[in-house]
Structure formats: structure tokens, C-alpha cells
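Colleague: Just need the structure, nothing else, for what follows:
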Amino acid sequence: MLAEPGADRAATRIAVVVPCYRVSGQVLEVLAAIGPEVERIYCVDDACPDGSGRVIEQQCDDPRVCVVYRERNGGVGAAVKTGYARALQDGATVVVKLDGDGQMDPALIPRFVAPVLAGRADYTKGNRFYRLESLRSMPARRKLGNAGLSFLSKLSSGYWSLFDPTNGYTAIHGRVLSELPLARISDDWFFESDMLFRLNTLGAVVEDLPMEATYGGEQSNLRIRDALLTFPRKHGANFCKRIFYNYFLRNFSIASLQLVIGALLLGFGVIFGSVKWWQAIETQQAVTAGTVMLAALPTLLGVELLLAFLNYDIGSQPRVPLHRKLDAL
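Modeller: Predicted coordinates:
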């Protein structure tokens with residue numbers, strides 16, 4: 001069992017949460033591949049119509065496995081949060097989230113747990129885009145969708161160095177998990193992106209880890225149309241909340257002024273310039289050089305200030321793991 005440097009090995013408890021929905025054909029192989037470093041495995045049957053929980057109970061004799069049933073289907077986020085709650089209740093040191101459809105290799109669990117136990121990160125997540133050659137097996141629409149969602153996630157979460165935000169292979173320190181408002185985190189497929197937003201508001205350190213995914217005949221329960229319609233809106237809401245929390249409610253810095261003044265100048269320049277441009281078309285009269293400058297100068301200054309704010313935001317990612325701060329209290 002993995003342990004922190006100098007820590008009692010018996011004190012380190014690694015748990016795995018496996019959300020189970022329509023994975024009865026793959027989940028047994030996944031469970032069988034989980035190594036001895038894991039002490040407890042929570043399989044959450046999210047009101048699965050295939051009866052994944054019953055299949056596990058009947059055919060899996062691993063004493064580490066605990067099947068948790070949800071009365072109603074709440075989504076992958078709801079299932080994971082149910083597993084998280086049980087893991088915290090049982091005193092887990094690190095909790096790994098692993099899908100039951102066979103796309104994630106359980107042999108990577110030690111790699112995901114190591115940075116957390118070493119005190120280097122609070123949360124680790126997989127990134128399938130590290131190695132270009134490994135992307136050949138990824139469907140083209142997933143590549144395109146992940147690229148767009150990754151940019152939106154950078155804006156909403158503040159973790160500019162991360163990629164592949166919908167990757168569900170994660171590990172989190174128990175102390176940090178206990179600080180998260182689980183009830184307020186999304187229940188659906190936006191769960192992973194919402195986790196990043198919440199972790200940033202706490203000041204948690206997140207680390208990307210390279211991995212490869214296996215795509216077989218399994219069917220994803222995520223609907224592309226739903227993601228395109230709902231994810232941008234949710235990312236936008238989280239971006240606004242993050243900016244308010246980090247730059248106005250909990251802190252106020254030069255970056256806060258850059259954002260406010262830059263937005264006002266850019267807004268004035270664009271609106272004033274658009275009005276004068278429209279009036280010039282209506283009256284068929286050329287605008288004066290002074291009018292052009294009055295529109296262009298605030299616009300350029302506004303853009304420059306917003307870029308300065310963006311540079312500050314990119315450089316202000318958390319550096320010291322939150323669980324180390326909590327341990328010091």
C-alpha cells in the first residue's frame with residue numbers, strides 16, 4: 001500500500017469509487033484488475049437498468065468490494081458523490097474515481113495516487129492528449145469536442161495548464177474532498193469540470209497525468225448534443241462565479257482593477273465606435289479623425305488591460321497543496 005514519506009503505511013487508506021451504469025459487461029474485468037494497493041472499492045449502482053450492482057454481488061468475490069445502490073438514477077456525478085461520501089465516512093486517505101466501462105487501466109492507480117501522497121498535489125486527473133500517437137484510437141469527434149471543452153474549462157476553472165477536462169480518471173486527497181461542497185457540484189456529465197471549478201475556489205493544486213484510453217464496443221452515455229447545449233452555459237456561469245470569488249469577494253488586487261477598467265474601456269470603445277459607424281452610414285458623412293481616435297483608443301487600452309488581467313490569472317494558479325495547509329492548522 002502506498003504511503004506518504006515518513007508516514008505509517010497502515011494509516012494510508014486508498015479507496016476507489018466506480019460509478020456503475022450500463023457497465024455490467026465490463027465492470028467485472030475492471031474490478032479484477034485493481035491492485036492490492038487499494039483497500040476499499042465502492043461500486044455505485046446508479047439505478048442501473050442492467051443490474052450492474054447485482055452482477056457484481058453475484059459474480060465478484062473480492063472482499064474489498066462494497067456495492068452501494070441509489071434508488072434513482074442521478075447521473076455520473078451523483079453516483080461518484082455517493083461513493084465519495086462513503087469513502088470519507090470510512091476514513092479514506094485518497095479516493096480514486098475509476099469508470100467501470102474498461103476505458104481506464106486500473107494499473108495506473110499507483111501513478112495517480114503518488115503525487116497526492118507525496119504532498120505535491122491535492123487532485124490528479126488523466127490527460128489523454130500528452131502523447132500524439134495515442135490519439136489515433138480516439139474518435140475524431142471526441143478529439144474536437146475535448147479541444148473546445150478544454151479551452152472553456154481553462155476559463156471557468158482557472159487551471160490554465162490542464163487539458164482534457166472531461167477525463168474521469170482522478171484521485172483526490174480525503175482532506176480536500178471533505179472541504180468540497182459536494183451537494184453543489186453537478187450531478188451530470190459536467191461533474192468533472194465542475195470539480196475543477198470548485199477545487200480552484202479552494203486553492204487546491206491539480207496535476208495532469210498522461211494516460212491512454214481504450215475505446216472498444218462500449219457505448220458512451222454522454223450525448224454530444226446535450227454537451228454542446230449545456231456545457232458552454234455552465235462554463236460561463238462558473239467563469240463569472242470564479243472571477244467574483246477570487247478577485248472581488250476573497251481578494252482585491254491590481255488584476256481586479258485591470259479587469260474592471262479594461263472591460264469598461266473596451267465596452268465604451270466598441271459601443272461608441274459602433275454608434276458613430278452606424279450614424280456615418282445613415283448620414284453618408286465621414287467621421288472625423290478625433291471621433292475615430294475616441295473609439296479606437298479606449299478599445300486598444302481596454303484590450304491591453306484585459307490581456308494583462310489574463311496574464312495575471314494564468315500565473316496565479318495554486319502552488320502549495322491545500323491538504324498540506326490543512327495539516328498545518
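
Colleague: element containing Ile261, please.
Modeller: helix 254-283 (DSSP states H and E).

Colleague: And that helix, how far out from the chain middle?
Modeller: Distance, stretch centre to chain centre, for helix 254-283: 34 Å (Cα atoms, centre = their mean, to the nearest Å).

Colleague: Would you mind identifying the next helix or strand past it?
Modeller: Taking DSSP H and E, what comes next after helix 254-283 is helix 289-315.

Colleague: Now that following helix: buried residues?
Modeller: Using 16 or more other Cβ atoms under 10 Å as the test for burial, helix 289-315 gives Thr291, Leu294, Ala295, Pro298, Thr299, Gly302, Leu305, Leu306, Phe309, Leu310, Tyr312, Asp313. Where C-beta positions appear, they are placed from N, C-alpha and C, glycine not excepted.

Colleague: Just want the angle from that helix to helix 254-283.
Modeller: Counting by axes from the mean of the first three to the mean of the last three Cα atoms, to 10 degrees, helix 289-315 lies at 150 degrees to helix 254-283.

Colleague: Check which helices and strands helix 289-315 sits against.
Modeller: Contacts defined by 3 or more Cβ pairs under 8 Å, 6 or more residues apart in numbering; DSSP states H and E place helix 289-315 against helix 254-283.

Colleague: which of the residues in the helix holding Ile261 are buried?
Modeller: Burial within helix 254-283, assessed by neighbour count using 16+ other Cβ under 10 Å, is assigned to Ala255, Ser256, Gln258, Leu259, Gly262, Leu265, Leu266, Gly269, Phe272, Gly273, Lys276.

Colleague: any chance of those in JSON lines, with pLDDT too?
Modeller: Output for those, formatted as JSON lines (pLDDT from 0 to 100):
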{"residue": "Ala255", "pLDDT": "96"}
{"residue": "Ser256", "pLDDT": "97"}
{"residue": "Gln258", "pLDDT": "97"}
{"residue": "Leu259", "pLDDT": "97"}
{"residue": "Gly262", "pLDDT": "98"}
{"residue": "Leu265", "pLDDT": "98"}
{"residue": "Leu266", "pLDDT": "97"}
{"residue": "Gly269", "pLDDT": "96"}
{"residue": "Phe272", "pLDDT": "95"}
{"residue": "Gly273", "pLDDT": "94"}
{"residue": "Lys276", "pLDDT": "92"}
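
Colleague: Okay, now stretch 164-184: how far is its last residue from its first?
Modeller: Chord length of stretch 164-184, first to last residue, is 22 Å (Cα to Cα, to the nearest Å).

Colleague: ok now that stretch, how far from the chain's centre?
Modeller: In this view, stretch 164-184 has its centroid 8 Å away from the chain centroid, taken as Cα atoms, centre = their mean.
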